[in-house]
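>>> Provide a 3D model corresponding to the input given below.
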Amino acid sequence: WPFHEILCKKGANRKRNMSLTAENASGSTESIRIQHQQDQDRLGRVGLHNLGNTCFMNSAIQCLSHSTPLTRHFLANKFKKDLNINNPLGTGGKLATAYESVIKDIWMDPSARNMSPSVLRRAIAMFAPRFAGCAQHDSQEFLAYLLDGLHEDLNRIRKAPYVRMPDVKGDNMGVAGAEAWDAHRRRNDSLV
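Numbers count the residues shown, from 1 in each chain. You can find the predicted model right below:
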């Protein structure tokens, strides 16, 4: 992934070029700048507590947390202008707000080594009780639910029109696909 490669190279160059020590008033050396740089480099590298049997949830959160456009959208609070609390298919913004809390805990606390995603788990359990207990679940099913919930909470279409799906006529699948995509976009518009 070219974007990731650029960031990794910048990080490696920054580490090579930084000063290794700083002198304090008494002349002894301290690793103040190194510690600060290590804290900054650790952002996003946070373990998630297992809340019963939630490794399926933790792996999905970790993967989604490293989806740069979505994470930046939440860290910059841009999601708040998209929040659709009146969407009958959404959670009234509760899922998006809980996700924001977890993402900010992961990415904005340089001293964090691990954290508990209990806020997000409670929000999900409120709307999808199948994920409430301590049973093991499929990570893909959880991720699909989380993405769908975030999509509905952030759907910019406030009043979705009724859209009749066009019939596929003949062998022109390209036209049929474009018509289906147009119908979908009239009801769905979110970063997710």
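
>>> just checking, what packs against the helix or strand where Tyr145 lies?
Per DSSP states H and E: Tyr145 is located in helix 139-153. Packing partners of helix 139-153 (3 or more C-beta pairs under 8 Å, 6 or more residues apart in numbering; DSSP states H and E): helix 55-65, helix 94-108, helix 118-127. Where you see a C-beta, it was placed from the backbone N, CA and C, and this is true even at glycine.

>>> who wins for proximity to Gly174 among those helices?
Taking C-beta to C-beta, helix 55-65 is the member of the helices and strands packed on helix 139-153 nearest to Gly174, at 31.9 Å.

>>> by how many degrees do that closest one and helix 94-108 diverge?
Regarding helix 55-65 and helix 94-108, their directions subtend 70 degrees when assessed with axes from the mean of the first three to the mean of the last three C-alpha atoms, to 10 degrees.

>>> Show me how far helix 55-65 is from its chain's centre.
9 Å (C-alpha atoms, centre = their mean, to the nearest Å).

>>> Can I get that helix in CSV, CA atoms only?
Provided in CSV are the C-alpha atoms of helix 55-65 (Å, rounded to 0.1, in the frame of the first residue of the first chain):
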residue,chain,number,x,y,z
CYS,A,55,-11.3,-11.5,20.6
PHE,A,56,-13.7,-11.5,17.5
MET,A,57,-14.7,-8.0,18.4
ASN,A,58,-11.2,-6.8,19.3
SER,A,59,-9.7,-8.0,16.0
ALA,A,60,-12.4,-6.2,14.0
ILE,A,61,-11.9,-3.0,16.0
GLN,A,62,-8.1,-3.2,15.4
CYS,A,63,-8.6,-3.7,11.7
LEU,A,64,-11.1,-0.9,11.3
SER,A,65,-9.0,1.4,13.5
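
>>> What are the buried residues along it?
56-58, 60-62, 64-65 (16 or more other C-beta atoms under 10 Å).

>>> same question, stretch 106-115
106-107, 112, 115.

>>> Equivalent analysis for stretch 46-57, please.
46, 48, 51, 54, 56-57.

>>> which of the residues you listed lies closest to Arg122?
Nearest to Arg122 among the buried residues of stretch 46-57 is Leu51, at 9.8 Å by C-beta to C-beta.
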